[in-house]
Every structure is written in C-alpha cells, then in structure tokens.
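**Q** Sequence and predicted model, in that order:
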Amino acid sequence: MATVVSPRARRYVEELDRLWEERPGVLGWLTTTDHKRIGILYFFTTLVFFGAGGVEALLIRSQLIGPNGHVLGPQAYDEVFTMHGITMIFLFVIPMTTGAFGNYLIPLMIGARDMAFPRLNALSYWIFLGSGVFMYVSLLQGHAPNAGWFDYVPLASKQFDPGNNIDYYGYGLIFNGISSTIASINFIVTIFKLRAPGMSINRMPLFCFAFLAVAFALLFALPSLSVAALFLELDRQLGFHFYDAAFGGAPLLWQNLFWIFGHPEVYIIILPAFGIATSIIPAFVHRRMVFFPLVALAEILVAFLGFGVWVHHMFTVGFSTLTTVYFAAASLIIVIPSAIQLFAWITTIVTGTPDFQTPLLFIIGFIVYFIIGGLSGITVAAIPFDQQVHDSYYIIAHFHFVIFGAAVFPILGGMYFWFPKVTGRVYHELTGKVSFWLTFAGTFITFFPMHIVGILGMPRRNYTYPAHMGWTLLNFIESIGSYLLAAGLILIVVNLAYSFFRGPQKEPPFEGDTLEWATSSPPPPYNFAVIPTVRSPYPMWDKEDRERDNKRLEAGEGLLNLGHETPATTAEDARLDEILTMPSHSPWPPLTALALTGMFVMLVMAHYWIAAGFLALVGLTVLGWHQNEEQA
Amino acid sequence: MTDASAGEVPRSAHAERSRTAAAIDRGRQAQPSGWWGMVLFLCSEVTLFGTLIGSYFYLNFGAHQWPPPPIKPPEIAGPTVATAVLVGTVPLMALGAAAARRGLRWSAVAWIAAAFVIQILYLAAQVLLIRHDLRTFTPQGNAYGSIYFTLLFAHHAHVLLGLLLNAVVLYKVARHGLTNYWLIGARGLALYWYVVAALAVAVLFTILSPSL
C-alpha cells in the first residue's frame, strides 16, 4: 500500500479523507454510493438468503432422510424446494458473486475509486433487496412459488396453479432481472472506462475478464427470462394464450425461453468462481497463472458458447434427432474452454510452490468437484443416457457438484481470501482448515450418492418415497452429509464473525498480485490516495511501480483531490482521457427501488391502476435523481 | 478545467457551458461512460425485442393458419406510413446530437423538438391503429392476438419512454444549457431513437409478415 511518510503527503491524504468522508449511521448506509459499502450490503443480504436457502435444503433432506417422511406435507415440500432453487440461484450465488465480490473488488482491482455509475450501483442493490423480500413475503404468506425453479407450464398456468404463488415467481424474476441488468451494464462500463492508466485490456486481471464475461452473458440472457415471465403473467392475469395449446399457444415456448436464459445462467453462476480461482491460485503458489491469454479467452468463450446449448435441458420433449444431436455436440464443445482453464489451474499449482492455506484448499476442492460435475455433465450430454436419467436424482447430483461444489467453493475460499482486505484482520487458519474439510466431506457425502439413487430411478421433486424401493440407505447417507455440510458452513461463519471482532490486526499471510492489495485494509473511501499506473497483469508484484506511487504521493501527483474524482481511460489501451466527478450520497436509489417494489406488489395483487401510480412515482424519483446534474 | 495533479486532462464535470462541454466532447479519445451505458442498455432492449419477435415466429410456425380465421391478415398501408414517419425523425435526432456536440444549444433544442412533435404524432396514430385492431380481435382471443398486441404494446411503451426522455432532455438543455452531463444525454437520446426506429421496422415486418 502507499505509505504516508512526510507531513505533506499526510496533508494530501487528510484532504482526501475529508472529501470522501462517508455519512455516519443508518442514513449513511441507506444513501451510500460507495462501491465497497454496497458490496458489503450485498454480502450480508445474500448471506441471509443463503441461510434461508440452506434451511430449506435441510428441510428437504430431513423430509427425505427416511421413507414416508412427515417433516413437510406435499404442498409445503413443493414450496420449499422451489424457493430453495430460486434463492440459491437468484438471491445467493449471482448477487454474492457479482453484487458482493464484484462490487467490492472490481474498482479496487482496476485502480478506480468507484463504479462508473455509483447511483445506479446503489439502485441495483436496493432493487435486489426489494425483489428478494418480495419473493420471501410469499413464503411467509404460505403462497410461495411451487412449480420448481424452472416453473414449467402448464403446471404453472392459472388452471393448475390458481393461487398467486406463481405470480410472485413471475414478477419476482422480472423485478430481480432489472437489478441484474443494471448491474451488468455498470460492470461493463466500469471495466471499459475506469481502468487505471496503463491497464490495457491484456493487462487486466483474469478476475475482471471473468466478470466482464458474466456481465455480457447477463445482459443478453436476462431479456429471454423477462419475456418468458411477462408472457406467463399475461396468460395468468389477463387471459392471454402464449402457453395455452388449446388457443394456439405453445407450452414449449416457455421451456425454450427459460433455457435460452437458463443455460447461460449456469455460466453466469460459475464464471465468477473461475475468476476467484485465478485470483487465489497465484497468491498461494507464488507464481503467475500459466496460459494467461488462453484462460482469458476461455472465460469469454465459455460465456459465448453457453448461449448455444439450451436444448440439452430438453432432450426428452420430442425434438427431432437432428436438433438434439446438434445441441449435444454443442454441449460437448464447451469442454474445450473449460478444460483449458482446468489444466491452467492445475499446471499453475503443480509448477508453483503451493502453500496450502484455507483459500487454496477451497480452490482445490472446487477443482475436484468441477471435474466430477464436469464428467457427469458429459454423460448427460449423451442423449440416450440423458433421456434415461432425466428428472432423476442423477441430475440433482450433477448440478449440485457444478453449482455448489464448483461455484460456491470459490465463494467460500474468496470469503477467506479477501477477509483481511475487507476487515483489516486475519481469520483463524486452523479453524478455516477444519471448516474446509467439513464442507468438502459434507458436499461429497450429500451429493455423490444422488448419482446412484438417480440411476436406481428415484425421481426429483417427490416429497417422499416408499420403503421398498432400495433408496433408503442412500437417502439416509445424503441427509447425514447435508448436516455435516451445514456444520462446515456454520463454522466458516463463526470463524469469520469471531475473527472480525477478535482476529489479529496484521497484514495477510500471502501476497496477492492485483491492485486491491495496493491500498490499506480496509481501504479508505477513495480506495487509492494516488491513482496507480500499471505495466503488467500482476501490478502488485511490480515493486518499482508501487514505490513510484509512494513518491507520487509525496510529490502530490495524481491525487485528483478537487472532489469525488476518478480517471477515465480509453477502452482498449487505458490511456488517460478525462477526470470524472463521481456522485457521493444520494437518497434517490432506495426511493426509486421502494416505488418499484410497490409497483410489483400491486401487480401481484392485480391492482393495475395503483401499480401505474407507483410507476409514475418511479418516474418522479428518477427526475429527482437528475436534479443534481453535475454528478454524472 | 485542468490542474497540476491531472496534467492537461480535462475535468469534464466542470464543463457547465455549451462551448466548453463541446470542446471536451471533441477532445475525448474514447466514448464517455454515458454513451457506453446507453449502448449497453440498447443491447438489452434489442435482445428483448428479438425475443418477442422470435416468439412471434415460434407461434407462427406452430400454427395451422396464421392469423387464425376469422382474423384477416393485417393491412399494409397504415402501419407502413406511420413507421416511415418515425424513421423520418432519425435524421432530426442525428442533427440534434450533432448540434449538441458543436455546442449549439438552441439548434440542438430545435432539432430534437421537431423530432419530438413528429414522434408524438406517430404514437397518436399508432394508438388509433391499435383501437381499430381491437375492434376486430383481442389479445385474449388466441395466441396470435396475444403476441400481436404484446409486440405492438412493447414497441409503443418503448416510444413512450423515448418521448419522456425527450421531454426531460429538452427541458434541461433549454433551461440549464448544454452541460457535459446533458450533452452526453442528448447523444444518448439520439442513439435511443436510432434503435427505436430500427426496432419499429423490425416490428413492422414481423406483424405484416402474413400479408407479405
């Protein structure tokens, strides 16, 4: 980090401290536009939703621990497994990776002082919170979505699901999608425009490449989900016939639209995990990532190819052989960029000098489970096998190894890795390792037997099963595994919570390679006293550059201290182009999100004119937003 | 505009006069953040309309007859003329954005206002055309009606949003001048209308496809 030595430099820093001072108290958090505070808000909110999704998972496993279980009735079971899926995907993994990790880290990694649109950034958080609360209110009301996270029609149509359970789903996902769309635009512009001078595209951290790919994938995938959900609500609430075969509609239209979104979604979930892995591995194996350009291209390619494989979720619906074979082949092609990354991680670890601390253990766990989930993924790309195991527990096993094993493990590793950066304290290493082994073992014991029970014929989503099917022992083992897994996750939370209050305040016991480590821990509101300049993808290992930062601080160069300022650079070569003045606090984002929440609540209740009134309120808040025009 | 710590790099938010904002705009090596934001928003919008149009043809190709009887294929003349009028506002918006980039505040206002009036007339004509359609079939009658009216309503909502943006930009530029913020706003607004016009053509060909 830039070291403040002379009184002159200290004066500069004090001036920046004064300019960027955050409002204290609850009002400060409500009106903040600081990307780090917004990242922290995302983190704790998604953690709460993760807890809720975890409780739902434990309820499911407790119901299935033995035959003829009575923990949940069939209706409650439907709601719980649907909310588990929705929560983990839309309210935990995506907002945790993009919202918490992305928000907190991307501006720091690229040497910026904030996101490109700080108020939009706040808006995306408050909309996310509104959409999450909106969907969970339905569970408290006993009207939670209950047709599974992919919500197939005609089961989800008004005829077969007449309550407003599905309306919470349809409107909830449109609402949530607004947040993700705003966030993805913000990430792309931030990465294109706010990189530190010298950080040309080829010097950008692989973490940022992964998030750039995710943001583009979100931008182009979400409209399909929004249109699908819009059609669903028009059918359900206004009597349209998009999905009603009796009136010329097509139930398969839903499946196509959903999976055109749904498969890129898998890569939206897992690409940030790849990004986190490429941050953690170099720091603990003390060498640069091998095949850097190939890994960067593979990250982008995975996101791109993810748009061409959606029909592999629909091999049993009766498409022509030509169609299914095309999509099976396309699905297999994704192995290539995935394998490039996999071999790059493994080669980097093997050829380095690994220090097996907790974050690296989680990345190794991720690699192991990504291989298992990837291999079972290849099996379900084989059409006859897929048709055999479709809608069985084999599929549950496959995607939990991918989504939990491969996507969540790096999140957990990342929580340990950046904990010293966010808090200025160090976690307890031994407890961290114990939590890893508990989580690793729990994951394997929970999900691996599901392959077998699936091949034995156990269908997903049945609320119970009879004793004579031969599934009892395997289900018992899975449920015990889930309790072990829960214990591991709780231990992580306890370790980090304890360390937050009592952990030693010292430098982290590893050497990160990206710019977030160039500033103090936790970082000041302006991130960097001096805007760093960059000459390689590993700017923290370019010692002479960081020493030059210190000298520039002493000389008062590159401070940008006439307001909330950050430099804008050219998109490709990162040449300094202009100095931007960023907004500070604003009450408008939470007010806009509040009005939008009101609108969606009224839509579920079918009070359309009141909903229109709330939409007008949204317009008014946006006008209020623009009264302060100098803050672009 | 500049100081020692930033060298000769402009501080764009300090440009509160039309001429200085225009000078900064001309001096940029790369497009500003607001321009990128609008481009990406429009990418999302185009994908959304692409999905709606794709859904139209998905339902079309699965139907025995399209439109199903007794609905007649749509008339060509009225919607085509209306769309041509909307496309005709594209040069006006382009001139408005170009004037803004030269720092010509009132010229920009005049071009955008001229486009604004025509766009209002376009939307009014479209409302009349839709009322006419609703007298013969409804969205609740069958899947054709559902996708036909949804596509049109989505397009009209898009136009309405553009009109609201026009009103805000016109008011702000007329009242406060072409600051850096509203200069980028005017450029973004022009981009928005280019895409609305392109989508109007795509929507037109889609809904007229049974008659072509």
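**A** Ah, there it is. This is a predicted model, so every value here is computed, not measured. Numbering: from 1, shown residues only, chains lettered A, B, ... in the order given.

**Q** Correct me if wrong: residue A:132 contacts residue A:49.
**A** Yes - using C-beta atoms under 8 Å, residue A:132 makes contact with residue A:49 at a distance of 5.8 Å. C-beta: built from backbone N, CA, C; applies to glycine.

**Q** and for those two, which residues touch both?
**A** Residues touching both residue A:132 and residue A:49 (C-beta atoms under 8 Å, 6 or more residues apart in numbering or on different chains) are residue A:91.

**Q** just the strands in the stretch 251-400 of chain A please.
**A** Using DSSP state E, counting those that start in this stretch, the stretch 251-400 of chain A contains no strands.

**Q** Look through it and state the residue closest to chain B.
**A** residue A:253 (5.6 Å; C-beta to the nearest C-beta).

**Q** any idea how far residue B:204 is from residue A:376?
**A** Noted for residue B:204: a distance of 47 Å to residue A:376, by C-beta to C-beta, to the nearest Å.

**Q** Likewise for residue A:286?
**A** For residue A:286, the distance to residue A:376 - C-beta to C-beta - is 33 Å.

**Q** Name the nearest residue to residue B:71, ignoring sequence neighbours.
**A** residue B:137 (4.8 Å; C-beta to C-beta, 6 or more residues apart in numbering or on different chains).

**Q** Which of the three states applies to the one you found?
**A** Put simply, residue B:137 is coil when judged by DSSP: H, G, I helix; E, B strand; the rest coil.

**Q** Pretty sure it sits against residue B:146.
**A** No - using C-beta under 8 Å, residue B:137 makes no contact with residue B:146, being 10.4 Å away.

**Q** For the worst-scoring helix or strand of chain B on mean pLDDT, buried residues please.
**A** Least confident element among the helices and strands of chain B, by mean pLDDT, DSSP states H and E: helix B:18-27 (a mean of 87). Judged by neighbour count using 16 or more other C-beta atoms under 10 Å in any protein chain shown, the buried positions of helix B:18-27 are B:18, B:20-22, B:24-25.

**Q** And for stretch A:572-579?
**A** A:573-574, A:576-579.

**Q** what's the closest non-adjacent residue to residue A:373?
**A** Closest to residue A:373 by C-beta to C-beta, 6+ apart is residue A:401, at 3.3 Å.

**Q** which ones among the buried residues of stretch A:572-579 are found in strands?
**A** A:576-579 (DSSP state E).

**Q** Keep only those of those that are also close to chain B.
**A** Restricting these to those near chain B by C-beta under 8 Å from any C-beta of the partner chain leaves A:576-579.

**Q** can you tell me how far the residue nearest to the spatial centre of chain A sits from residue A:124?
**A** Geometric centre of chain A, nearest residue: residue A:94, 2.4 Å, by C-alpha atoms, centre = their mean. Separation of residue A:94 from residue A:124 (C-beta to C-beta) stands at 11 Å.

**Q** Ok, residue A:389 next?
**A** 38 Å.

**Q** Same check on residue A:583?
**A** 14 Å.

**Q** Who has more neighbours out of the two?
**A** Using other C-beta atoms under 10 Å in any protein chain shown, the more surrounded residue of residue A:583 and residue A:124 is residue A:124, with 30 against 21.

**Q** before we move on, the earlier item: near chain A, anything from the least confident helix or strand of chain B?
**A** Yes - Helix B:18-27 is in contact with chain A by C-beta under 8 Å from any C-beta, via residue B:24.

**Q** Number of residues surrounding residue 104?
**A** All of this is about chain A. Neighbours of residue A:104 (other C-beta under 10 Å): 24.

**Q** My question was about chain B, not that one.
**A** Residue B:104 - counted by other C-beta under 10 Å - has 18 other residues nearby.

**Q** swap in residue A:345?
**A** 25.

**Q** thought it was touching residue A:275?
**A** No - applying C-beta under 8 Å, one finds residue A:345 not in contact with residue A:275, separated by 11.9 Å.

**Q** For the chain, give me the ranges with low pLDDT.
**A** Just so you know, I chose chain A. For chain A, the stretches with pLDDT under 70 are A:1-5, A:629-632.

**Q** The intended chain is chain B.
**A** In chain B, residues with pLDDT under 70: B:1-7.

**Q** that older thread, show me the contacts for the residue nearest to residue B:71.
**A** Applying C-beta under 8 Å, 6+ apart, the residues contacting residue B:137 are B:67, B:71, B:144-145, B:148.

**Q** hmm, back to that, just the C-alphas of the least confident helix or strand of chain B, formatted as CSV.
**A** What follows is helix B:18-27, C-alpha atoms only, in CSV (Å, rounded to 0.1, in the frame of the first residue of the first chain):
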residue,chain,number,x,y,z
SER,B,18,-22.1,24.6,-24.1
ARG,B,19,-18.9,25.6,-25.7
THR,B,20,-16.6,24.1,-23.0
ALA,B,21,-18.7,20.9,-22.9
ALA,B,22,-18.5,20.7,-26.7
ALA,B,23,-14.7,21.2,-26.6
ILE,B,24,-14.3,18.4,-24.1
ASP,B,25,-16.5,16.2,-26.2
ARG,B,26,-14.4,16.8,-29.3
GLY,B,27,-11.2,16.3,-27.3
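
**Q** what's the closest of the contacts of residue B:137 to residue A:17?
**A** Minimum distance to residue A:17 across the contacts of residue B:137 is 59.9 Å, recorded for residue B:148 (C-beta to C-beta).

**Q** Identify the residues contacting the closest one.
**A** B:56, B:67, B:133, B:137, B:139, B:207.

**Q** let's see it at 10 Å
**A** By C-beta atoms under 10 Å, 6 or more residues apart in numbering or on different chains, the contact set of residue B:148 is B:56, B:59, B:67, B:71, B:74, B:130, B:133, B:137-139, B:142, B:206-207, B:210.

**Q** Now do residue B:76: how many residues are near it, please.
**A** Look at residue B:76: counted by other C-beta under 10 Å, it has 12 neighbours.

**Q** mind checking the backbone torsions on it?
**A** With angles defined as degrees, to the nearest 10, residue B:76 sits at phi -90, psi -40.

**Q** right, and it touches residue B:82 too?
**A** No - at 11.4 Å, residue B:76 does not count as touching residue B:82 under the criterion of C-beta atoms under 10 Å.

**Q** intersection of neighbour lists for those two?
**A** Shared contacts of residue B:76 and residue B:82 (C-beta under 10 Å, 6+ apart): residue B:204.

**Q** The contacts of residue B:148 in helices, which ones?
**A** Of the positions in those, B:56, B:59, B:130, B:133, B:206-207 sit in helices, assigned by DSSP state H.

**Q** Tell me which two in those residues are the farthest apart.
**A** The widest separation within these (C-beta to C-beta) is 19.4 Å, between B:59 and B:130.

**Q** neighbour-wise, which of the two wins?
**A** Here residue B:59 and residue B:130 are compared on neighbour count by other C-beta under 10 Å; more neighbours surround residue B:59, at 22 against 15.
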